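# sharing a model that was predicted from the sequence below.
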Amino acid sequence: MLELRNVSFGVDADEGKKEIIRDVSFTVPDDKLIVITGPNGGGKSTLARLIAGIEKPISGNIILDGEDITQMSITDRARKGIGFAFQQPVRFKGIEVFDLIRLATGKSISVADACSYLSAVGLCARDYIKREVNASLSGGELKRIEIATLLAKSPRLSVFDEPEAGIDLWSFKNLIEVFEGMRKNINNSSILIISHQERILNIADEIMVIRDGRLAEKGTRDEILPGLMRTDSAVRECSGVNANAAAAIRPQTDGADVKNRETEVCTDASNG
Ligand SMILES: Nc1ncnc2c1ncn2[C@@H]1O[C@H](COP(=O)(O)OP(=O)(O)OP(=O)(O)O)[C@@H](O)[C@H]1O
Ligand SMILES: [Mg+2]
């Protein structure tokens, strides 16, 4: 179980200290899939970086299975079983996809085994297994390879920061199935997904909303999701958007970012 106790974080900015995370406390229990959502710039990725150890809190504690890991290095946290797939994946020059997956499992595995992880994220394994992880890979390919690597690692706690970012509609469907499979076979581990996607929110055991650096809402999917959806429709109604404009937006963004829809609707409304 991961626990954040009164975690705060800020950076030095031109205008003085900028608070990014404000006194956030929550737990990620074992055997649960938790989704964090909330407006752009709310602090979700910063929270992920704090959990990974890339950033250290100004105050508060991060506890993994009863052990205080607040000051622990990224490498030690990874050894303790925290695994990440970042919003912007890293390119590793000179390493092949197969090696990346093999290293993630921490044991010698066959090419066929490695390929099964690529297939799970909708990549034709034969085409990718020997490719170098460099700038020749597209953003979506890289993202999927990173997710495959995390599947191979199968850590105690898997953290995915916007796994949907840059992924096409077909692969996204695949990805949802991957997460559903992970959740079904969750055993003494937990999954934390940062996402704006309704379809990912739909498979959560619990949802947390991070807004303006604070934990604004937390509860089961049934407690939180209807309210989030109402926010979406409330914005549309308040913006005075006519039915045609709303209908024109809806099909293009089916299952897409709730926040983006709000923005589009607002832009539409303000344009008259
Ligand atoms: N090193 C930094 N220096 C200054 N501001 C920062 C720094 N890191 C993050 N921020 C600011 O902190 C806020 C939270 O950023 P963060 O990336 O955590 O948001 P997010 O919730 O992940 O947003 P998104 O949904 O767009 O991914 C933003 O306003 C961002 O500009
Ligand atoms: Mg982010």
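Looks like it came in fine. Ligands and ions are numbered 1, 2, ... in the order given.

# close to ligand 1: what parts of this structure are there?
Within the chain, the positions near ligand 1 by Cβ under 6 Å from any ligand atom are 11, 13, 18, 20, 40-46, 87. Placement of C-beta: from N, CA and C, glycine included.

# now for these: which two are most distant?
Ala13 and Gln87 (21.3 Å; Cβ to Cβ).

# tell me the centre residue of the protein?
Closest to where the C-alpha atoms of the chain average out (Cα atoms, centre = their mean) is Asp161, at 2.5 Å.

# I figured that one hits Ala85, correct?
Yes: applying Cβ atoms under 8 Å, one finds Asp161 in contact with Ala85, separated by 6.8 Å.

# still on that earlier bit, just the residues of the chain next to ligand 1 now: which is nearest Leu64?
Thr46 (18.5 Å).

# setting aside sequence neighbours, what's the nearest residue to the closest one?
Ile20 (5.1 Å; Cβ to Cβ, 6 or more residues apart in numbering).

# how about Asn188?
Leaving out its chain neighbours, the residue that sits closest to Asn188 by Cβ to Cβ, 6+ apart is Asp30, at 6.0 Å.

# dump the C-alpha coordinates for whichever helix or strand Glu141 is part of into CSV.
Assigned by DSSP states H and E, Glu141 belongs to helix 139-153. C-alpha atoms of helix 139-153 as CSV (Å, rounded to 0.1, in the frame of the first residue of the first chain):
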residue,chain,number,x,y,z
GLY,A,139,5.3,9.3,-30.2
GLY,A,140,2.5,6.8,-30.1
GLU,A,141,4.8,3.8,-30.8
LEU,A,142,7.2,5.0,-28.0
LYS,A,143,4.3,5.4,-25.6
ARG,A,144,3.1,1.9,-26.3
ILE,A,145,6.6,0.4,-25.9
GLU,A,146,6.9,2.2,-22.6
ILE,A,147,3.6,0.7,-21.4
ALA,A,148,4.7,-2.8,-22.7
THR,A,149,7.8,-2.4,-20.6
LEU,A,150,5.8,-1.6,-17.5
LEU,A,151,3.6,-4.6,-18.2
ALA,A,152,6.8,-6.8,-18.4
LYS,A,153,8.1,-5.3,-15.1
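
# buried residues in it?
140-153 (16 or more other Cβ atoms under 10 Å).

# export those as a markdown table, with columns for distance to Ile54.
Below are these laid out as a markdown table (distance: Cβ to Cβ, whole Å):
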| residue | distance to Ile54 |
| --- | --- |
| Gly140 | 24 |
| Glu141 | 24 |
| Leu142 | 19 |
| Lys143 | 18 |
| Arg144 | 22 |
| Ile145 | 20 |
| Glu146 | 15 |
| Ile147 | 19 |
| Ala148 | 22 |
| Thr149 | 17 |
| Leu150 | 16 |
| Leu151 | 22 |
| Ala152 | 22 |
| Lys153 | 17 |
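
# for Glu164, give me its contacts.
Glu164 makes contact with 172, 175, 195-197, 200, according to Cβ atoms under 8 Å, 6 or more residues apart in numbering.

# what separation do you get for Asn187 and ligand 1?
Distance, Asn187 to ligand 1, by Cβ to the nearest ligand atom, to the nearest Å: 29 Å.

# try Arg214
Taking Cβ to the nearest ligand atom, one finds Arg214 at 12 Å from ligand 1.

# for that residue, what are its contacts?
Counted by Cβ under 8 Å, 6+ apart, Arg214 has contacts 22-24.

# kindly give a single PyMOL line that selects the buried subset of those residues.
Buried members of the contacts of Arg214, defined by 16+ other Cβ under 10 Å, are picked up in PyMOL with:
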select buried, resi 24
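
# now the contacts of Arg214 as JSON lines including secondary structure and pLDDT?
Below are the contacts of Arg214 laid out as JSON lines (DSSP: H, G, I helix; E, B strand; the rest coil; pLDDT from 0 to 100):
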{"residue": "Arg22", "secondary structure": "strand", "pLDDT": "98"}
{"residue": "Asp23", "secondary structure": "strand", "pLDDT": "98"}
{"residue": "Val24", "secondary structure": "strand", "pLDDT": "98"}
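
# kind regards, and thank you for your time.
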